[in-house]
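Undergrad: I would like the atomic coordinates for the input below:
(3 chains)
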Amino acid sequence: METSCIDESSSISISASPPTRLPERRFSGCVLERVGSGESVVLDLENGVEAESRKLPSSQYKGVVPQPNGRWGAQIYEKHQRVWLGTFNEQSEAAKAYDVAARRFRGRDSVTNFRPLLDSGETLFLNSHSKGEIVDMLRKHTYEDELRQSTRNSNEENEEGKRVVRGFADWGCEKQREQLFDKAVTPSDVGRLNRLVIPKQHADRYFPLHIGNACKGVLLNFEDPWGKVWRFRYSYWNSSQSYVFTKGWSRFVKEKGLKPGDLVSFHRSTSLEKQLYIDWTPRNPGGGIGGTYTAEPVQVVRLFGVNILKVPVVVEGKKTRELEFFQYESCKKQCKGAS
DNA sequence: CCTTGTGTTGAG
DNA sequence: TCAACACAAGGG
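TA: Numbers count the residues shown, from 1 in each chain, chains lettered A, B, ... in the order given. Purely as a prediction, here's the structure:
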């Protein structure tokens, strides 16, 4: 744990009666960019002590809120809901937590408190973990550690001869996977045409078809977050000059209840196997998805942090839609078991 | 008891 | 979207 910016002591003098209320401070030796305007204590000259005594100091940092006990909370909003990122001793720590969350939730260009830049390693790390997991790390203050550990592991990746049983757990919890691309499905993608158009740029790059295969097509296997394998026929349609998933696609649409605008995302393991993965996200998760913490309907057994046994959960009818999303978002819970 | 983090609101 | 504020839930 890097406690790079700590600076105990230094209490604010103004504090009158409040038992809770620690000072704030700026970080001294840190090489972080933003410094803001330092203390933000509100002095109430008229009423002096009385009015000021119970007011919490606000933070100069985005996403950082004061706690009654003098510590700092970090939070980020998504879909009209607050996602709590934990509490921290220092504002700057909370601010950094917010930054990480912002990057994961809102992408590379999101507004943050510090460091506009992310190295590729951290980007990969962020993208290979679900939001829920990232949040979990932040709350437990383990993000830095896990990031370090992950970058170390990825260097040894090729060494390890053993392959882990593929399953849901690999999705966000453990192994590296790289995001290939997302597509917001069009009405025709989920309509009666029974096909998904793969944007050419992505087709060329990630699903290259060799000459012989172009018309006939090839079969590609994708694993969903439940470990279920979906096989799609992938081919090129001369008529429309487009790359498409055909056979098998409509079943996916049906089972997942895909609707126009939903996001389908493709991933690939970075290991030798290049296993392909498919996931989807409702475009408009209307029903209270926002909270990252939600009941977890799935069982996963984890052995020594490596092997994962997924117990398929039978879901009836349309429920699937939401349940799967929850499952994906909160797979953090399964991750804990092994630690 | 104390701390966390949620409920809630109003401003932007 | 966001932070301020109040306070209930939860852990020790």
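
Undergrad: and A:Ala74, that one's in a strand?
TA: Yes. A:Ala74 sits within a strand when classified using DSSP: H, G, I helix; E, B strand; the rest coil.

Undergrad: need the contact list for it.
TA: A:63-65, A:84-88, A:94-95, A:97-98, A:101, A:138 (CB atoms under 8 Å, 6 or more residues apart in numbering). (Each C-beta comes from the backbone N, C-alpha and C, glycine too.)

Undergrad: list of residues touching stretch A:97-112?
TA: With contact meaning CB under 8 Å, 6+ apart, stretch A:97-112 is reached by A:61-64, A:74-76, A:78, A:83, A:85-86, A:88, A:113-115, A:118, A:123, A:126, A:129, A:131, A:134-135, A:138, A:143.

Undergrad: what pLDDT does A:Asn113 get?
TA: A:Asn113 is assigned a predicted lDDT (pLDDT) of 93.

Undergrad: for A:Ser92, that is, sorry about that
TA: Note for A:Ser92: predicted pLDDT of 92.

Undergrad: surely it and A:Tyr61 touch.
TA: Yes. Judged on CB atoms under 8 Å, A:Ser92 makes contact with A:Tyr61 at a distance of 7.4 Å.

Undergrad: quick one: which of those two has more around it?
TA: Neighbour count, other CB atoms under 10 Å: between A:Ser92 and A:Tyr61, A:Ser92 has more, with 29 against 23.

Undergrad: quick check on the more buried one: phi, psi?
TA: phi -70, psi -30 (degrees, to the nearest 10).

Undergrad: distance between the ends of stretch A:74-82?
TA: End-to-end distance of stretch A:74-82 (CA to CA, to the nearest Å): 10 Å.

Undergrad: sorry, that was for stretch A:187-199
TA: Stretch A:187-199: ends 15 Å apart by CA to CA.

Undergrad: which residues of the stretch 101-250 of chain A fall in helices?
TA: A:120-127, A:131-140, A:143-156, A:200-206, A:249-256 (DSSP state H, counting those that start in this stretch).

Undergrad: between the ones you listed, which gets nearest to DNA strand C?
TA: helix A:131-140 (12.7 Å; CB to the nearest atom of the strand).

Undergrad: between the contacts of A:Ala74, which sits nearest A:Lys216?
TA: If you rank these by distance to A:Lys216 using CB to CB, A:Ala101 comes first, at 46.0 Å.

Undergrad: next, count neighbours for the closest one.
TA: 28.

Undergrad: give me the pLDDT value at it.
TA: 93.

Undergrad: try A:Ser242
TA: pLDDT, A:Ser242: 85.

Undergrad: contacting residues for it?
TA: So A:Ser242 contacts A:Val197, A:Ile198, A:Lys200, A:Tyr236 (CB under 8 Å, 6+ apart).

Undergrad: redo that, cut-off 10 Å
TA: By CB atoms under 10 Å, 6 or more residues apart in numbering, A:Ser242 lies in contact with A:Arg195, A:Val197, A:Ile198, A:Pro199, A:Lys200, A:Ala203, A:Ser235, A:Tyr236.

Undergrad: so what's the closest residue to DNA strand B within chain A bridging to?
TA: Nearest to DNA strand B in chain A, going by CB to the nearest atom of the strand, is A:Trp84, at a distance of 3.3 Å. Beta-bridge pairing for A:Trp84 (DSSP bridges): A:Gln75.

Undergrad: what's around it, how many residues?
TA: 16.

Undergrad: that one touches A:Glu78, doesn't it?
TA: No. Between A:Trp84 and A:Glu78 there is no contact under CB atoms under 10 Å: 11.5 Å.

Undergrad: picking that back up, which ones among the contacts of A:Ala74 lie within strands?
TA: Using DSSP state E, the members of the contacts of A:Ala74 that fall in strands are A:Val64, A:Val65, A:Trp84, A:Leu85, A:Gly86, A:Thr87, A:Phe88.

Undergrad: quick check, pLDDT for A:Thr246.
TA: pLDDT, read off for A:Thr246, is 94.

Undergrad: kindly apply the preceding question to A:Tyr77 instead.
TA: 94.

Undergrad: and the angle from the helix or strand that contains it to helix A:131-140?
TA: Using DSSP states H and E, A:Tyr77 sits in strand A:72-78. Angle of strand A:72-78 versus helix A:131-140, following axes from the mean of the first three to the mean of the last three CA atoms, to 10 degrees, is 170 degrees.

Undergrad: so which bits of strand A:72-78 are buried?
TA: For strand A:72-78, the neighbour count (16 or more other CB atoms under 10 Å) marks A:Trp72, A:Gly73, A:Ala74, A:Gln75, A:Ile76, A:Glu78 as buried.

Undergrad: ok, how many other residues are close to A:Ser265?
TA: 14.

Undergrad: quick one: secondary structure of it?
TA: Quick answer, by three-state DSSP: A:Ser265 is strand.

Undergrad: residues in contact with the nearest residue to it once chain neighbours are set aside?
TA: Once flanking residues are discounted, A:Ser265 sits nearest to A:Asp182: 4.3 Å by CB to CB, 6 or more residues apart in numbering. With contacts defined as CB under 10 Å, 6+ apart, the neighbours of A:Asp182 are A:His202, A:Leu263, A:Val264, A:Ser265, A:Phe266, A:His267, A:Asp279, A:Trp280, A:Thr281.

Undergrad: please consider this matter closed, and thank you.
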